[in-house]
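Novice: Have a look at this prediction, sequence included:
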Amino acid sequence: MAEDDANGLPTAWLFRAGGSGEREDFNLERGLASCGWGNVSDLRGYRSRSDIEQVLRDSDPNATHMRIVMRASQLWRLREQVQVGDLLVMPLKRNPQIALGIVTEPYWYNSDEPDPNWRHVVTVDWKRSDVPRTAVKRDLLDSLGSLLTICTITRNDGKRRLHRLLATGDDPGAVPVSAATDQVGTASSAGGGDEAESTESDIDLEQIQKDRIRSHIEENFGGHALSRLVGELLKAEGFTVDVSPPGRDGGIDVFAGSGPLGLDNPRLVVQVKSSPSPVDVKVVRELDGVLSRQGTDQGLLVAWGGVNRAARSEMRNQFFRVQVWHADDVIDAVFRNYDKLDKELQAELPLKRIWTLARD
């Protein structure tokens with residue numbers, strides 16, 4: 001069991017499940033954490049990190065020296081440093097949630113897996129798979145915004161807070177520490193003296209800004225105000241919209257249809273849940289009942305905090321009938337349609353487009 005400071009807690013590792021979250025379900029359903037790099041064979045066959053560097057250099061001769069070193073460092077860390085009892089945190093891309101688990105078996109090579117990008121794994125007991133991002137304070141969310149696939153979380157008392165998040169589902173915030181004991185690095189990628197530490201260039205700026213926009217919307221568009229925002233977004237996307245007034249709505253927060261009167265297909269009934277917690281399967285079934293009563297074929301569930309695993313499973317059976325927008329989907333719709341929103345709404349949600357250098 002690795003320990004990276006004096007408080008005795010096992011190391012907390014950030015693991016990413018692909019740029020678009022393509023390995024999330026695989027990891028959660030199989031109790032694994034896989035991390036790509038299909039161009040490298042079983043890590044147990046390499047004697048040193050420099051051997052891995054050479055394989056990476058041969059497979060990608062145009063990569064910079066620093067990129068090769070960083071990739072090899074992460075793979076060597078996976079083989080040598082991730083140990084039984086360590087905590088793994090996996091920010092999810094497909095839901096605004098975070099998964100947390102405990103390593104139960106160190107690195108092994110899953111040679112039976114057909115896709116070589118899914119073969120480098122550790123075995124994990126995923127204790128929590130739907131902790132809402134809103135349960136995590138902004139400074140720790142920023143630390144979880146590292147672009148590295150594997151790194152430790154140390155800054156702002158991150159390790160202790162992640163262990164508390166695993167135990168209780170809440171982030172207690174950082175405790176003050178002296179300058180002598182403060183830990184360096186947003187998300188430390190260093191596992192040895194010559195390994196580069198994470199820097200601003202290793203931070204997922206897009207995700208960090210989404211988290212901050214998410215916080216602003218939560219503070220300013222709670223309850224019925226979120227229904228109003230969703231209605232304006234659907235209107236900007238070409239629907240004729242009727243937003244139900246505050247109060248009892250019979251399970252329908254927004255009616256949206258095509259054509260000048262909103263009577264043409266596609267027609268949607270929309271249920272909006274502004275809670276930061278994931279909604280359960282009961283809500284999905286209620287929406288299905290509303291669709292039947294309204295004689296409408298399609299429904300949209302806006303679940304700001306996402307949906308839990310049971311609800312996701314239920315929705316797979318209704319893929320062509322019910323779809324879900326979670327917080328990131330709403331934010332993406334805002335980005336798509338911001339220029340079409342009225343000035344009053346823009347004033348409530350003031351955004352400015354900037355350009356930044358794209359990263360791999």
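Specialist: Structure's in. What do you need?
Novice: got a list of what Leu301 touches?
Specialist: 270-271, 273, 279, 283-284, 287, 307, 322-325 (Cβ atoms under 8 Å, 6 or more residues apart in numbering). In short, each C-beta sits where N, CA and C put it, glycine included.
Novice: Helices of this protein, start to end?
Specialist: 24-30, 49-59, 65-80, 138-143, 158-168, 205-220, 224-236, 281-294, 309-316, 327-337, 343-348 (DSSP state H).
Novice: domain assignment for the chain?
Specialist: 12-203, 215-348 (automatic domain parsing).
Novice: Any idea which of these gets closest to Trp355?
Specialist: domain 215-348 (13.8 Å; Cβ to Cβ).
Novice: distance between the ends of that closest one?
Specialist: 13 Å (Cα to Cα, to the nearest Å).
Novice: what would the domains of the chain look like in a markdown table with mean pLDDT and distance to Trp355?
Specialist: Shown next, in a markdown table, are these (pLDDT from 0 to 100; distance: least, Cβ to Cβ, whole Å):
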| stretch | mean pLDDT | distance to Trp355 |
| --- | --- | --- |
| domain 12-203 | 84 | 16 |
| domain 215-348 | 90 | 14 |
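Novice: and Leu357, which of the ones you listed is closest to it?
Specialist: Closest among the domains of the chain, using Cβ to Cβ: domain 12-203, at 8.8 Å.
Novice: got a list of what the residue nearest to Ser244 when sequence neighbours are not counted touches?
Specialist: The shortest distance from Ser244 to any non-neighbouring residue, by Cβ to Cβ, 6 or more residues apart in numbering, is to Asp253 (5.5 Å). Contact analysis of Asp253 by Cβ under 8 Å, 6+ apart lists 224, 227, 230, 243-244, 270-272, 302.
Novice: hang on, the earlier thing: distance to Ala358 added to the domains of the chain, as a markdown table?
Specialist: Compiled in a markdown table, the domains of the chain are given as follows (distance: least, Cβ to Cβ, whole Å):
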| stretch | distance to Ala358 |
| --- | --- |
| domain 12-203 | 12 |
| domain 215-348 | 16 |
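Novice: Report how many residues lie close to Gly45.
Specialist: Gly45 has 10 neighbouring residues, counting by other Cβ atoms under 10 Å.
Novice: Tyr109 versus that one, what's the distance?
Specialist: 9 Å (Cβ to Cβ, to the nearest Å).
Novice: So Leu165 is in contact with Arg133, correct?
Specialist: No - with contact defined as Cβ atoms under 8 Å, Leu165 does not reach Arg133; the gap is 11.1 Å.
Novice: State the distance from the closest residue to Asp328 other than its chain neighbours to Tyr107.
Specialist: Sequence neighbours aside, Pro96 is the residue nearest to Asp328 in space, at 5.8 Å (criterion: Cβ to Cβ, 6+ apart). Taking Cβ to Cβ as the measure, Pro96 falls 30 Å from Tyr107.
Novice: follow-up on the earlier one: any idea which of the helices of the chain gets closest to Pro114?
Specialist: Per Cβ to Cβ, nearest to Pro114 of the helices of the chain: helix 24-30, 11.9 Å.
Novice: list the buried ones in that closest one?
Specialist: For helix 24-30, burial by neighbour count (16 or more other Cβ atoms under 10 Å) applies to 24, 26-28, 30.
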